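Participant: What shape does this take:
(one chain, ligands or ions: 1)
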Amino acid sequence: NAKEGSTACAADISGGSLELFSPAKVNLFLRIIRRRPDGYHDLASLFHTVAFGDKLVLEVLPEDAEQDQLECNLPGVPTDDSNLVIRALKLFREKSGVQRYFSVKLEKEIPAQAGMGGGSSNAAAAFFGANKLCGSPATPQDLIDWTDDPVIGSDATFFLSEGTAYCTGRGEIITPVEQLPIKDGLSVYLVKPNWGLSTGKVFQAMDLSALSTADPEELLQTFKDKGTSHSSWVNDLEKPAFKVSPELCELKDFLAGEWDFEAVLMSGSGSTIFCLGDPKGGAEAFEAATKKDFDIEGIWRTEFMRRASPTEWYTKAS
Ligand code: C5P
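Facilitator: Okay, here's the model as predicted:
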């Protein structure tokens with residue numbers, strides 16, 4: 001109940017600041033199921049957090065503040081209400097009844113339009129942090145339920161899960177998945193070209209008659225049984241993304257070539273391609289060759305995060 005939450009919260013606001021680690025995600029598989037009457041698509045995807053992400057420092061502003069404040073280290077990032085962090089704080093006030101404003105300092109590492117859920121992760125972190133700073137008027141399940149609003153993006157709810165989840169609907173219906181049998185220390189290389197892809201444009205370019213036919217429940221079972229050691233790698237958004245950006249297809253072919261990775265797949269709607277394992281010939285040679293042949297924004301080596309509650313990973317600022 002929003003009104004009761006508001007009263008409880010007003011007494012509990014602790015002040016101080018909270019430093020949050022806001023991780024990126026990759027999609028281990030992504031199947032598109034159908035186009036919906038509301039214009040979105042039902043999908044079925046296995047989402048997984050990786051230990052690469054942004055930092056948010058969140059503070060409650062004094063009671064007389066009249067708006068949220070957002071500062072970002074990157075000049076190109078909008079700090080008005082087109083930023084999902086600002087939308088998340090507004091949604092938190094609406095849902096909880098808590099009429100307080102916040103200041104957020106955002107240090108971005110996750111590139112934009114990358115298919116790694118950066119904006120949604122920041123929104124979920126802000127939602128989580130605002131709740132904590134206000135004495136937790138919402139339970140973890142409330143936070144999951146309250147983020148079921150397209151205004152903060154379809155991926156935000158996932159970032160309130162335990163980091164490994166089977167996501168359906170627009171992506172906002174999350175089913176927790178136990179720790180996958182992935183070997184510790186497995187390298188995940190995130191390769192982000194110097195151009196991004198708009199999620200909306202990639203969905204628009206999709207030919208619904210040319211989707212893969214793999215059964216998502218079977219894919220999920222394969223990942224549960226075998227971790228990443230198999231060859232069932234599918235992302236239905238690759239084809240339309242490659243239609244929008246033929247260079248991305250060339251980049252994927254290059255990455256899937258001589259380097260002997262365990263798997264190479266586009267994440268989400270792109271434009272990041274992730275590669276699992278270590279490249280033959282070593283990381284330095286791999287990075288140099290990739291950057292020589294392609295216009296690359298960044299290559300980051302990271303690992304899958306172990307399954308944990310958001311309380312643990314948000315507050316484990318790296
Ligand atoms: O949810 P998000 O804001 O990231 O989505 C951006 C756009 O991508 C949506 O406006 C919609 O066109 C498309 N989309 C979709 N089906 C989804 C998620 C996104 O069609 N499940």
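
Participant: contacts, neighbours, all on C-alpha from now
Facilitator: OK.

Participant: Around the residue nearest to residue 17 when sequence neighbours are not counted, how many other residues sit close by?
Facilitator: In space, and not counting its chain neighbours, residue 17 is closest to residue 59: 4.6 Å by CA to CA, 6 or more residues apart in numbering. Neighbour count of residue 59, defined by other CA atoms under 10 Å: 22.

Participant: Which single helix of this protein contains the most residues?
Facilitator: Longest helix of the chain, by residue count under DSSP state H: helix 118-133.

Participant: Identify each buried residue in that helix, please.
Facilitator: Going by neighbour count (16 or more other CA atoms under 10 Å), the buried part of helix 118-133 is 118-133.

Participant: partner residues bridging the residue nearest to residue 17?
Facilitator: For residue 59, the beta-bridge partners are residue 17, residue 103 (DSSP bridges).

Participant: hmm, the longest helix of the chain in reach of the ligand?
Facilitator: No. Using CA under 6 Å from any ligand atom, helix 118-133 never reaches the ligand; the gap is at least 7.9 Å.

Participant: mind checking how far that helix is from the chain centre?
Facilitator: 12 Å (CA atoms, centre = their mean, to the nearest Å).

Participant: same for it, what does it pack against?
Facilitator: The helices and strands touching helix 118-133, judged by 3 or more CA pairs under 8 Å, 6 or more residues apart in numbering; DSSP states H and E, are strand 17-35, strand 41-60, helix 84-96.

Participant: Let me know which of those is the nearest to the ligand.
Facilitator: strand 41-60 (3.7 Å; CA to the nearest ligand atom).

Participant: elements contacting the closest one?
Facilitator: Using 3+ CA pairs under 8 Å, 6+ apart, strand 41-60 sits against strand 17-35, strand 102-107, helix 118-133, strand 164-168, helix 216-226, strand 296-302.

Participant: Return the set of buried residues in that strand.
Facilitator: Neighbour-count burial for strand 41-60 [16+ other CA under 10 Å]: 41-60.

Participant: Stretch 92-105 too?
Facilitator: In terms of neighbour count (16+ other CA under 10 Å), stretch 92-105 has its buried residues at 92-93, 95-98, 100-105.

Participant: Pull up the distance across it, start to finish.
Facilitator: This stretch, stretch 92-105, spans 18 Å end to end (CA to CA, to the nearest Å).

Participant: Point out the residues in the stretch 1-150 of the chain that sit beside the ligand.
Facilitator: 39-43, 150.

Participant: Export these as TSV, with columns for pLDDT and distance to residue 275.
Facilitator: Shown next, in TSV, are those (pLDDT from 0 to 100; distance: CA to CA, whole Å):
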residue	pLDDT	distance to residue 275
39	93	31
40	95	28
41	97	26
42	97	26
43	98	23
150	91	30
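
Participant: Pick out the most distant pair among those.
Facilitator: Based on CA to CA, the longest span within those runs between 43 and 150 and measures 14.8 Å.

Participant: For residue 54, give me its contacts.
Facilitator: 21-24, 106-110, 118, 122 (CA atoms under 8 Å, 6 or more residues apart in numbering).

Participant: 6 Å instead?
Facilitator: 21-22, 107-109 (CA atoms under 6 Å, 6 or more residues apart in numbering).

Participant: Buried only: go through these for me.
Facilitator: 21-22, 107-109.

Participant: from the contacts of residue 54, which is closest to residue 190?
Facilitator: residue 109 (12.0 Å).

Participant: did I read that right, the closest one in a strand?
Facilitator: No. Looking at residue 109 with DSSP: H, G, I helix; E, B strand; the rest coil, it is coil, so not inside a strand.

Participant: Can you tell me how far the nearest residue to residue 74 once chain neighbours are set aside is from residue 53?
Facilitator: Nearest residue to residue 74 in three dimensions, chain neighbours excluded: residue 108, at 6.8 Å (CA to CA, 6+ apart). Distance of residue 108 to residue 53, computed by CA to CA: 7 Å.

Participant: Say whether the ligand is contacted by stretch 157-171.
Facilitator: Yes. Stretch 157-171 reaches the ligand (CA under 6 Å from any ligand atom) through 170-171.

Participant: shaky segments in this protein?
Facilitator: For the chain, the stretches flagged by pLDDT under 70 are 1-12, 14-15, 317-318.

Participant: Domain-wise, how is it divided?
Facilitator: 2-179, 188-302 (automatic domain parsing).

Participant: Can you measure across the shortest one, start residue to end residue?
Facilitator: Domain 188-302 has an end-to-end distance of 5 Å (criterion: CA to CA).

Participant: how near is the residue positioned nearest the centre of the chain to residue 271?
Facilitator: In the chain, the residue lying closest to the centroid (CA atoms, centre = their mean) is residue 117, at 2.7 Å. Note on residue 117: its distance to residue 271, by CA to CA, is 12 Å.

Participant: Pull out the buried positions in stretch 61-74.
Facilitator: 61, 68-71.

Participant: Nearest to the ligand, out of the buried residues of helix 118-133: which one, please.
Facilitator: Nearest member of those to the ligand, counting by CA to the nearest ligand atom, is residue 120, at 7.9 Å.
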